[in-house]
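Enquirer: how does the following fold in three dimensions:
(one chain, ligands or ions: 2)
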Amino acid sequence: MAVTRTFSIIKPDATRRNLTGAVTKMLEEAGLRVVASKRIHMTRDQAEGFYAVHKERPFYNDLCDFMTSGPVVVQVLEGEDAVARNRQVMGATNPAQADEGTIRKTYAESIEANSVHGSDSDENAKIEIDFFFSPDEIVG
Ligand code: ADP
Ligand code: MG
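Expert: Ligands and ions are numbered 1, 2, ... in the order given. The predicted structure follows:
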C-alpha cells in the first residue's frame, strides 16, 4: 500500500481540554506520522471556506461558530493509506456510534464537538492541506 498524506484538525473542544498530545498519540499509534503541525485560531472566513461543502446543511452556521470558538491544531499526517487509516482511528462522526478505541469514542463531547477532523478522500486531502499549509511547512 502506498504512503500518502491526509489533513487533520484537532478541534476546539479537544484543545480546550488540553488533549492535543493525547489525540496526537492516538494518531501516531495508528501508524500516522505528523509531518506538519500548527496551532491557529481559525478566522470566520477560513471556517466558512473550509466547510463550504456543507453550506446547505442545517448545522453549517453552528459548525463555523464552533470551529472559531477556540484554538485548533491543523496537521498533515503521513502513512500507508493515510486517509482511510485516519478515518478509522477517528471513528464515526457521531461519538455515540463510534467504535471503542477510536478518538471520537474516547474524547468527543457531541456530534458537533467531536474532537477531530479528517479528510475523506485523497483528492480532498490535497485541497485541505493546500488550504492551510505552504509546501515549506511540510517536512516529511
Ligand atoms: P466527518 O467530520 O466525520 O467527516 P461530516 O463531514 O459529515 O463528518 O461533517 C463535518 C462536521 O460537521 C462533523 O465532524 C461535525 O463536527 C459537524 N456535524 C456533522 N453532522 C452534524 C450534525 N448532524 N449536527 C451537528 N454537527 C454536525
Ligand atoms: Mg467530512
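
Enquirer: give me the neighbour count for V34.
Expert: Neighbourhood size, V34 [other CB atoms under 10 Å]: 15. From N, CA and C alone the C-beta is placed, and that goes for glycine too.

Enquirer: how about it, nearest residue that isn't a chain neighbour?
Expert: Using CB to CB, 6 or more residues apart in numbering and skipping the chain neighbours, the partner closest in space to V34 is Q75 (5.4 Å).

Enquirer: how far is the helix or strand hosting that neighbour from where the chain is centred?
Expert: Using DSSP states H and E, Q75 sits in strand 72-80. Distance of strand 72-80 from the chain centroid (CA atoms, centre = their mean, to the nearest Å) equals 8 Å.

Enquirer: touching, A2 and E80? I think so.
Expert: Yes - in terms of CB atoms under 8 Å, A2 counts as a neighbour of E80; the distance is 7.1 Å.

Enquirer: sorry, back to before: quick one, the helix or strand following the strand holding Q75 and strand 72-80 angle?
Expert: Counting by DSSP H and E, the next helix or strand C-terminal to strand 72-80 is helix 82-90. Angle of helix 82-90 versus strand 72-80, following axes from the mean of the first three to the mean of the last three CA atoms, to 10 degrees, is 120 degrees.
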